[in-house]
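Visitor: sharing a model that was predicted from the sequence below.
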Amino acid sequence: MGRIFDFSGIENSEKTIKKTWSEFRECLAKGLFSYEEIDKAKQQTFLKVYDDLFNKNSGIEHKTIAIKDLKSELIGRGTILKRNEVPNYERFLPKEEYIKEDNRFSPPGVEWLYLAIGNDRDIHECAQAECRVKTGSRFGFCHFQFDAKYADYKLVNLTISDDISYAELNASLEEYGQKQVKKGVKIAKALGFVPKMSINKKEFEELLTRWCVYTYTKLLSEQIFVPLDATNNRAIAYAPFQTIAQYYISLGYSGIVYGSTVCPVGKNIVLFDKRLACPIGAIEDYQIL
């Protein structure tokens, strides 16, 4: 039996996402709308398509988690320390006056809390990579914990497809299609004629939505979550991400879990309210070897 679904269009999808993302970024760079003007942003192809899949068709439910779902994960934040500096908890909290550059999801002066998330080894490695440490640097690291009263606050998890291959995603959809065909053949043999086939529409739509969400999220992760180099203009490069963050806020989300572009084992989380997590434990102070 041949394949039911054609999955050969992945390269064209990659090109399309790159193209619409570039157009989205260029419109922001030209001032056609600001990162806070979500209604105008949704008129652009990239966010229009994204909103259609993830909001209007409930695809975002696959990417929605609550803070309480991260209870088994460690979170922390690092910083490069000056030679004679004596760090305290305040050193690891975002303060408007010290935020002079654009961050991935927030412009200068915005006090959102960026943290590494994962196991203890990974969050240290990720924090060091995000701070661009060099051999000999003095590094401070502080663990954080989520405030229990915010346990039900919603987060968007952009890393859901990181550990799944396109082949695995395709196989799950293809398996469903093959089962439906075999079921139809069996019924036709028993009846002696080919009946009008009916499938569980809700079941199929849910499976297809899941495939679309996971595949699209994986495409996004590979095509737009890439590290910046010295020639990139941070304000221009990060403007689309900052717009996406405002889009999530408009839908009632409190933060984003996303993959690090500079650390292969790293994941980060940005909290739109810095009070959702607080520093705990002893501050680590060590030199990068």
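Guide: Nice, thanks for sending it over. Residues are numbered from 1 along each chain as shown.
Visitor: in this structure, where is pLDDT below threshold?
Guide: 1-10, 176-201, 230-231 (pLDDT under 70).
Visitor: can you give me the strands in it?
Guide: 64-66, 74-80, 113-118, 138-146, 154-157, 255-259, 267-271, 277-287 (DSSP state E).
Visitor: make TSV out of those strands and add distance to Tyr248 and mean neighbour count.
Guide: Using the backbone N, CA and C atoms, a C-beta is placed for each residue, glycine as well. Formatted as TSV, the strands of the chain follow (distance: least, Cβ to Cβ, whole Å; neighbours: other Cβ atoms under 10 Å):
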stretch	distance to Tyr248	mean neighbour count
strand 64-66	10	15
strand 74-80	19	20
strand 113-118	15	22
strand 138-146	18	20
strand 154-157	5	20
strand 255-259	6	23
strand 267-271	10	23
strand 277-287	18	14
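Visitor: can I get these in JSON lines with distance to Asp229?
Guide: Listed next are these as JSON lines, based on distance: least, Cβ to Cβ, whole Å:
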{"stretch": "strand 64-66", "distance to Asp229": "32"}
{"stretch": "strand 74-80", "distance to Asp229": "20"}
{"stretch": "strand 113-118", "distance to Asp229": "20"}
{"stretch": "strand 138-146", "distance to Asp229": "23"}
{"stretch": "strand 154-157", "distance to Asp229": "27"}
{"stretch": "strand 255-259", "distance to Asp229": "18"}
{"stretch": "strand 267-271", "distance to Asp229": "19"}
{"stretch": "strand 277-287", "distance to Asp229": "27"}
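Visitor: indicate which one of the ones you listed is closest to Phe54.
Guide: Nearest to Phe54, of all the strands of the chain, is strand 154-157, at 9.0 Å by Cβ to Cβ.
Visitor: residues contacting Tyr214?
Guide: Neighbouring residues of Tyr214 by Cβ atoms under 8 Å, 6 or more residues apart in numbering: His62, Ile160, Ser161, Ile164, Leu169.
Visitor: now the residues you listed: which count as buried?
Guide: The neighbour count (16 or more other Cβ atoms under 10 Å) marks His62, Ile160, Ser161, Leu169 as buried among the contacts of Tyr214.
Visitor: in a markdown table, list the residues you listed along with distance to Ile80.
Guide: As requested, these are arranged in a markdown table below (distance: Cβ to Cβ, whole Å):
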| residue | distance to Ile80 |
| --- | --- |
| His62 | 37 |
| Ile160 | 32 |
| Ser161 | 32 |
| Leu169 | 39 |
